[in-house]
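In: output the structure for:
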Amino acid sequence: MSFDDLRDLLAATGARLRAGVPLAELTTLRVGGPATVADCETTEALVATVRELDAAGIPVLLVAGGSNLLIGDDGFDGVVVRIATDGVEIGADSVLAEAGANWDAVVAATVAAGLGGLECLSGIPGSAGATPVQNVGAYGVEVASLLRRVRLLDRATGEIRWVAPGELGFGYRTSILKHSSAAVVLAVEFALRADGSSAPLGYRELAGALGAAEGESRPAADVREVVLRLRAGKGMVLDPADHDTWSAGSFFTNPVIPDERVEAVRAAIAAHLGADVTVPTYPAEGGVKFSAGWLIERAGFAKGFPGDGSPARLSTKHTLALTNRGAATATDLATLARTVREGVAERFGIELEPEPVTVGVSL
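Out: Predicted structure coming up:
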């Protein structure tokens, strides 16, 4: 369909249509080829636009904060619907945010209002609507533990309804919404702590930085300040001047190894690193969680790999982030991801799973 035909199709939706937009402008990795973009600044425009495009059989790519996307160098052959809705409503013990609202701004607003609960998720780039999709988590807190409900557009039926957390199949960095085009997140609502205290501190590094014991609470504002400092030290807070933040955050999830495979994995690690090595692990549903960053570094991929002059490198601050040093392509990043994943698999027998959604690029 021509651009003029698309403009006619979407004329009554309230969306703003743009042609030839470099998708690198819409992602935190700053890679991605050109596409036609429909900017939707209201929920009504978003719903109407998706309905019209679906009815016409036109491929749709939904983009909001662009923090969890690796888009290919050829762009996207369809229409990119940019979710730019940004409304936020603070309640006595809750927050309701439209899908396109900047996530860290939502967290900041709740803390400023004297509410606790989301502070450990400070500094995470992206949009509010993306948080339940991959069950965003950090410093011992996951979205699933705070979510009250999600407003969804069912693309097959056109129905809009609020959905309870129990319907979303949450797991470690996943939900039934991830890697699925069946529904569009329109808004999210979280239950918060009206007394302004943080969620119980469940992460040793954070508790130590606050001078607290694990399980204790602290004022949400204090926790947010420390979380932002810790994340910045790892290159995990967006900064246009710092190429270590030109990333998708943690590129690989921490692998959960089934109980029956744990001893074999430990033996493989011991064979390469010695029997006395201390392996950081954590309890997890269905097995034991290993640290992906630790595995990557012990497999021979140091911070900054493969070194100066490479357009795509591991962060110089954190081995779990793949970064664009300014001129990387999606192909460069995919090649680096494959190199790291294959190296860890060859050495330790663990297949790391990428966290970002890939479009037009294979890992």
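In: for stretch 295-304, buried residues please.
Out: For stretch 295-304, the neighbour count (16 or more other C-beta atoms under 10 Å) marks L295, I296, E297, R298, A299, F301, K303, G304 as buried. For glycine as for every other residue, the C-beta is placed from the backbone atoms N, C-alpha and C.
In: please list the members of those residues that lie in helices.
Out: L295, I296, E297, R298 (DSSP state H).
In: quick check: domain ranges of this structure?
Out: 3-83, 88-233, 243-359 (automatic domain parsing).
In: re earlier: quick one: the ones in helices among the buried residues of stretch 295-304 as JSON lines, columns for pLDDT too.
Out: Below are those laid out as JSON lines (pLDDT from 0 to 100):
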{"residue": "L295", "pLDDT": "97"}
{"residue": "I296", "pLDDT": "98"}
{"residue": "E297", "pLDDT": "97"}
{"residue": "R298", "pLDDT": "97"}
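In: so for the chain, the centremost residue is which one?
Out: N68 (4.5 Å; C-alpha atoms, centre = their mean).
In: my read: that one touches P354, true?
Out: No. N68 is beyond contact range of P354, at 10.1 Å (criterion: C-beta atoms under 8 Å).
In: remind me which residues of this structure are low pLDDT?
Out: Nowhere does the chain drop to pLDDT under 70.
In: still on that earlier bit, ok, so of the ones in helices among the buried residues of stretch 295-304, who is nearest G72?
Out: I296 (23.8 Å; C-beta to C-beta).
In: please name the nearest non-neighbouring residue to the closest one.
Out: Closest residue in space to I296, ignoring its immediate chain neighbours: T319 at 4.7 Å, by C-beta to C-beta, 6 or more residues apart in numbering.
In: L206 contacts D222, doesn't it?
Out: No. Assessed by C-beta under 8 Å, L206 is found out of contact with D222, at 10.9 Å.
In: the more surrounded of those two?
Out: Neighbours were counted for L206 and for D222 using other C-beta atoms under 10 Å; L206 has more, 23 against 14.
In: report the secondary structure state of that one.
Out: helix (DSSP: H, G, I helix; E, B strand; the rest coil).
In: the residue lying closest to it once chain neighbours are set aside and V111, how far apart?
Out: Excluding its sequence neighbours, the residue lying closest to L206 (C-beta to C-beta, 6+ apart) is Y139, at 4.7 Å. As judged by C-beta to C-beta, to the nearest Å, Y139 and V111 stand 14 Å apart.
In: pull the number of nearby residues for E25.
Out: 10.
In: can you confirm it is in a helix?
Out: Yes. The assignment for E25 by three-state DSSP puts it in a helix.
In: just the buried residues of stretch 295-304 now: which is nearest G326?
Out: Comparing the buried residues of stretch 295-304 against G326 with C-beta to C-beta picks out G304 as the nearest, at 14.4 Å.
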